[in-house]
Structures are given as structure tokens and as C-alpha cells.
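Peer 1: Kindly generate the corresponding structure for this input.
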Amino acid sequence: GFPRTLGQAKALDRICELDLVISLNIPFETLKDRLSARWVHPASGRVYNMDFNPPHVQGVDDLTGEPLVQREDDKPEAVAARLRKYKDAAKPVIELYKSRGILHSFSGTETNKIWPYVYTLLSSKIPPVLSDEEN
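Peer 2: Predicted coordinates:
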């Protein structure tokens, strides 16, 4: 997410005024597991997740047949360290937006269960975008 630090939040304040901030509260273990299951095809940047978007053949890119790699920062130990650092850095950002009354928090472990609530909030704040056929 962005902003991740108080410094980034203050820089963002200089260029725009936020009226809505969404915080997704996902358990540490869920985040660690999801990020640790991420593998990429370096040449194209295609991303696979071994749990919910695996390649057709394990360890191999679907389109090229080339090997997939796990980034160093996606390995379980690195993910755990990143999440701890993020939590510490993000806490003052969360408090800032909470104090402004613009923070909306959602908790859960599954996108398809959280998304309807986020969508309802966004739909109440932003008019729907209609396609040319709908206009």
C-alpha cells in the first residue's frame, strides 16, 4: 500500500487532499504465506502464486517454459522481516488518517469476502463509470 511511511504521507499531502483511505487488516501468517508462495518469470515479470494462481507445470512459466524464480524478498524469512518493518512504519500513518476521520478498515483473510465491503464503500463515494454503450 501507499503511503507506507509518515514521510510519504506528508509528501502526498503536499500534492493532493485525501478524503478516503482504506486499510486492509490481514493476519500476519496469511500475508507471510501468500507472499512466500509468489514466484516470478524474470524476463516477463509474470507472477504466479503456488496457492491460488500456480503455473500449469510447477516451477515453469506457462508461456515460455522457462524456470520461475522466487525473489529474495519473497522468501519466508525475508517476508516476515518486511512485514514487521511495515507494521512499525505504517502505524503512525494509520493513526494520522484515523485522526482525520478518513480511515476505513477492513479485516479478513480472503479477497472475495473483503472485496464486497470495500466495493460498497467505494461505490458510495465514487460515481460509477459507465461504458460508451451505457451512456
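Peer 1: who touches the least confident helix or strand in the chain by mean pLDDT?
Peer 2: Every helix and strand in the chain was compared by mean pLDDT, DSSP states H and E; the lowest is helix 28-36, with a mean of 90. Contacts with helix 28-36, where a contact means C-beta atoms under 8 Å, 6 or more residues apart in numbering, come from 49, 51, 74-76, 79-80, 82-83, 109. In short, each C-beta sits where N, CA and C put it, glycine included.
Peer 1: The same query, at a cut-off of 6 Å, please.
Peer 2: With contacts defined as C-beta atoms under 6 Å, 6 or more residues apart in numbering, helix 28-36 is touched by 74, 76, 79-80, 83, 109.
Peer 1: So for it, what gets flagged as buried?
Peer 2: 31-32, 34-36 (16 or more other C-beta atoms under 10 Å).
Peer 1: Could you check how far that helix is from the centre of its chain?
Peer 2: In terms of C-alpha atoms, centre = their mean, to the nearest Å, the centre of helix 28-36 is found 12 Å from the chain centre.
Peer 1: By neighbour count, which of the contacts of helix 28-36 wins?
Peer 2: Ranked by neighbour count (other C-beta atoms under 10 Å), the contacts of helix 28-36 have residue 79 at the top, with 20 neighbours.
Peer 1: Surely it is in a helix?
Peer 2: Yes - Residue 79: assigned to a helix according to DSSP: H, G, I helix; E, B strand; the rest coil.
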